[in-house]
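Student: got a predicted structure plus its sequence, pasted below:
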Amino acid sequence: MTARLLDGRAVGATVRAGLAETIAAYTENGHRPPGLAVVQVGGDPASSVYVANKRKACAKLGIESFSHDLKDTVSQAELDALVDELNEDPRIDGILVQLPLPEHLSADSIINRIDPDKDVDGFHPTNIGRLAIRQPGLRPCTPFGVMRLLEETGRDLHGMEAVVVGASNIVGRPMALELLLAGATVTVCHRFTEDLAAHVRRADLVVAAAGKPGLVRGEWIKGGAIVIDVGIHRRDDGTLHGDVDFDAAAERAGFITPVPGGVGPMTIAMLMHNTVTSWRRRLGLD
Ligand SMILES: Nc1nc(=O)c2c([nH]1)NC[C@@H]1CN(c3ccc(C(=O)N[C@@H](CCC(=O)O)C(=O)O)cc3)C=[N+]21
């Protein structure tokens with residue numbers, strides 16, 4: 001392997017350590033701690049693991065977490081009422097409704113209902129719009145975490161040919177907006193893209209976020225390129241893999257993120273970051 005690893009566990013720990021210091025400095029002066037509400041509907045085991053990790057990460061930093069575990073039979077009206085209550089609750093700076101939701105509930109209407117200034121996922125149309133017009137507010141955690149990882153490369157993103165593979169609301173689209181804001185020349189590939197290989201081959205930066213294991217082949221990677229893998233897939237043997245054929249890509253890339261230990265831990269760190277940002281704004285600490 002010739003590529004250098006972008007270590008999301010290490011960078012995420014650095015981000016969290018900075019947040020812990022900020023929180024300690026203000027709470028020692030008598031301010032209330034930041035508060036994050038985590039709403040989970042139903043008991044999907046994979047979701048429960050993420051939610052448990054988020055709670056642990058909060059506790060370590062001094063963020064108070066408020067858990068709401070709802071049965072998967074909860075109605076839209078009941079979920080709406082809970083979000084309304086959390087929007088009004090002065091102890092709460094961030095609201096996260098774990099996705100995906102069961103079929104009978106609308107994620108769009110819940111995302112739209114969350115106060116944009118408590119939307120620590122950065123999914124609300126107001127926050128996506130802010131990012132699109134260069135007035136970023138709360139930024140979607142995964143793309144925000146990727147931007148923080150890219151700082152570790154020391155490379156200038158201005159004018160860089162960036163290819164984002166995947167156009168989802170939660171990763172691909174906001175990722176493209178972040179890279180555009182940073183001055184890259186951005187191409188977004190998606191299911192209707194005709195020649196994915198041709199786009200990836202000319203990229204100085206590839207962000208793979210299609211949710212298809214091994215979609216991006218190692219031989220497509222330009223020598224020295226930065227490769228960011230947002231995919232997470234669990235094989236039957238329990239091992240985790242991304243959207244990139246890692247071993248072959250690492251022979252050519254300049255930098256690459258591992259799975260696990262790359263983008264995933266950054267997503268959680270940036271969720272904490274957004275919660276602290278919201279808290280500081282709400283208390284007027286900036
Ligand atoms: N409202 C909402 N916000 C989210 O941010 C959100 C969500 N819903 N629904 C589910 C996805 C998924 N997600 C992950 C976060 C961290 C890891 C993570 O830390 N992964 C570890 C591995 C974890 C493992 O071993 O399974 C890693 O990549 O190293 C993974 C996945 C956040 N999500």
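Tutor: Structure's in. What do you need?
Student: state which one residue of the stretch 51-200 of the chain is found closest to the ligand.
Tutor: Using C-beta to the nearest ligand atom, the point where the stretch 51-200 of the chain gets nearest to the ligand is residue 99, with a distance of 3.9 Å. Placement of C-beta: from N, CA and C, glycine included.
Student: name the nearest residue to that residue, ignoring sequence neighbours.
Tutor: In this structure, residue 99 finds its nearest non-sequential neighbour in residue 107, 5.7 Å apart by C-beta to C-beta, 6 or more residues apart in numbering.
Student: hmm, that neighbour is touching residue 113, no?
Tutor: No: Residue 107 is beyond contact range of residue 113, at 10.7 Å (criterion: C-beta atoms under 8 Å).
Student: more crowded one of the two?
Tutor: Regarding residue 107 and residue 113, a neighbour count based on other C-beta atoms under 10 Å identifies residue 113 as having more, with 19 against 14.
Student: tally up the residues packed near the closest residue to the more buried one other than its chain neighbours, please.
Tutor: If the residues on either side of it in the chain are set aside, residue 113 comes closest to residue 83, at 4.8 Å by C-beta to C-beta, 6+ apart. Residue crowding around residue 83 was assessed by other C-beta under 10 Å; the count is 23.
Student: again with residue 61
Tutor: Each residue near residue 61 was counted by other C-beta under 10 Å, and the total is 23.
Student: who touches it in this structure?
Tutor: Residue 61 makes contact with 16, 19, 20, 23, 272, according to C-beta atoms under 8 Å, 6 or more residues apart in numbering.
Student: what do you get for residue 53?
Tutor: Counting by C-beta under 8 Å, 6+ apart, residue 53 has contacts residue 268.
Student: how about residue 268: what's its closest non-neighbour residue?
Tutor: Nearest non-adjacent residue to residue 268, counting by C-beta to C-beta, 6+ apart: residue 57, 5.3 Å away.
Student: report the buried residues of whichever strand or helix holds that neighbour.
Tutor: Secondary structure assignment for residue 57, by DSSP states H and E: helix 45-61. For helix 45-61, the buried set under the neighbour-count rule, 16 or more other C-beta atoms under 10 Å, comprises 50, 51, 54, 55, 57, 58, 61.
Student: and for stretch 131-143?
Tutor: 131, 132, 137, 138, 139, 140, 141, 142, 143.
Student: secondary structure and pLDDT added to the residues you listed, as a markdown table?
Tutor: Rendered in a markdown table, the data for the buried residues of stretch 131-143 read as follows (DSSP: H, G, I helix; E, B strand; the rest coil; pLDDT from 0 to 100):
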| residue | secondary structure | pLDDT |
| --- | --- | --- |
| 131 | helix | 98 |
| 132 | helix | 98 |
| 137 | coil | 97 |
| 138 | coil | 98 |
| 139 | coil | 98 |
| 140 | coil | 98 |
| 141 | helix | 98 |
| 142 | helix | 98 |
| 143 | helix | 98 |
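Student: OK, contacts around the residue sitting nearest the centre point of the chain?
Tutor: In the chain, the C-alpha nearest the mean C-alpha coordinate belongs to residue 142, at 1.8 Å (C-alpha atoms, centre = their mean). Taking C-beta under 8 Å, 6+ apart as the criterion, residue 142 is in contact with 170, 171, 174, 175, 209, 230, 263, 266, 267, 270.
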